[in-house]
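A.B. asks: Sequence and predicted structure are below.
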Amino acid sequence: MTQALPGRLAVLNTKGGTGKTTLAIQLAAGLRRRAPSALGDLDPQGSATQWGTQAGLAVLTADDAWRQAVGIRHLVWDCPPSVDHPAAQRALREADAVLVPVLPSPLDLWASWALVEAIHAEQARRPSLRAWLVINQLEPGSALSGAMREALGEFGLPALRAVVRRRAIYRSAALQGATVYQLGARAAAAVADIEAVIEEIQA
Ligand SMILES: Nc1ncnc2c1ncn2[C@@H]1O[C@H](COP(=O)(O)OP(=O)(O)OP(=O)(O)O)[C@@H](O)[C@H]1O
Ligand SMILES: [Mg+2]
């Protein structure tokens with residue numbers, strides 16, 4: 001089934017702080033259990049480079065991030081929080097799939113509308129491009145609010161059924177420079193979140 005996972009996956013949102021770097025790191029870690037994978041840090045802030053390197057992931061920075069190194073099957077791009085940034089635009093043009101992490105609030109969702117229009121424009125040019133929203137930081141045990149479900153229905157981009165919950169372990173993983181796959185039993189629920197995302201983005 002690894003054949004159907006995207007070769008180049010862009011984690012992209014125009015809005016800052018929605019969990020792009022967190023998800024890019026954890027997805028690269030999960031994908032690497034299936035096939036050789038690397039993390040491409042397209043954000044000049046460089047936080048994915050620092051975190052990913054500490055966590056032992058293969059990290060490609062700057063120009064190298066565009067080249068799928070020989071033997072790398074899955075490349076995950078952590079993008080800067082802007083659709084106008086040249087790296088984000090290039091990622092959108094070259095990705096096989098785009099994952100847009102959004103916080104579980106309608107206001108946060110609508111703040112990403114310009115990005116959805118850019119994704120639709122790219123899909124019109126290149127119908128093979130797959131794209132999904134992924135809800136990040138939903139309170140454990142709680143369901144999506146009715147307002148959020150309604151907003152998702154109007155948003156024009158499918159949302160994954162898999163949801164990434166708000167869990168302290170994601171923050172500790174960042175502080176420790178680790179992936180949740182390296183943190184043992186206390187990270188099992190977070191690993192299950194990430195695995196569910198990976199399972200669902202297989203065609
Ligand atoms: N599921 C989660 N549970 C708890 N904390 C989270 C979760 N996802 C992200 N965070 C925390 O939220 C903050 C923002 O996450 P992150 O840096 O991944 O967002 P970003 O979209 O990459 O931000 P930027 O736009 O600045 O690049 C971080 O402190 C991170 O640890
Ligand atoms: Mg980031």
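C.D. replies: Happy to help now that I have it. These figures come from a predicted structure and were not determined experimentally. Ligands and ions are numbered 1, 2, ... in the order given.

A.B. asks: okay, whichever helix or strand residue 39 is part of in PDB with CA atoms only?
C.D. replies: Assigned by DSSP states H and E, residue 39 falls within strand 37-41. What follows is strand 37-41, C-alpha atoms only, in PDB (Å, rounded to 0.1, in the frame of the first residue of the first chain):
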ATOM      1  CA  SER A  37      11.400   9.300   3.700                       C
ATOM      2  CA  ALA A  38      12.700  12.800   4.300                       C
ATOM      3  CA  LEU A  39      11.600  16.100   5.600                       C
ATOM      4  CA  GLY A  40      12.000  19.200   3.400                       C
ATOM      5  CA  ASP A  41      12.100  22.400   5.400                       C
END
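
A.B. asks: what packs against the helix or strand just after that strand?
C.D. replies: Going down the chain from strand 37-41, the next helix or strand is helix 47-54, by DSSP H and E. Under the contact criterion of 3 or more CB pairs under 8 Å, 6 or more residues apart in numbering; DSSP states H and E, helix 47-54 touches helix 20-32, strand 37-41, strand 59-61. Backbone N, C-alpha and C define where each C-beta goes, glycine included.

A.B. asks: Can the longest strand anywhere in the chain be said to contact ligand 2?
C.D. replies: Identified as the longest strand of the chain according to DSSP state E is strand 130-138. No - for a cut-off given as CB under 5 Å from the ion, strand 130-138 has no contacts with ligand 2; the smallest distance is 11.9 Å.

A.B. asks: I'd like the average pLDDT over that strand.
C.D. replies: If you average the pLDDT over strand 130-138, you get 98.

A.B. asks: Would that strand count as contacting ligand 1?
C.D. replies: Yes - Strand 130-138 reaches ligand 1 (CB under 6 Å from any ligand atom) through 136, 137.

A.B. asks: so how far is the strand holding residue 39 off the chain centroid?
C.D. replies: 12 Å (CA atoms, centre = their mean, to the nearest Å).

A.B. asks: That strand pairs with which strands, and in what direction?
C.D. replies: Note on strand 37-41: by DSSP bridges, its sheet partners are strand 59-61 (parallel), strand 74-78 (parallel).

A.B. asks: between the ones you listed, which gets the lowest average pLDDT?
C.D. replies: strand 59-61 (a mean of 89).

A.B. asks: what about residue 13, how many neighbours?
C.D. replies: By other CB atoms under 10 Å, 29 other residues sit near residue 13.
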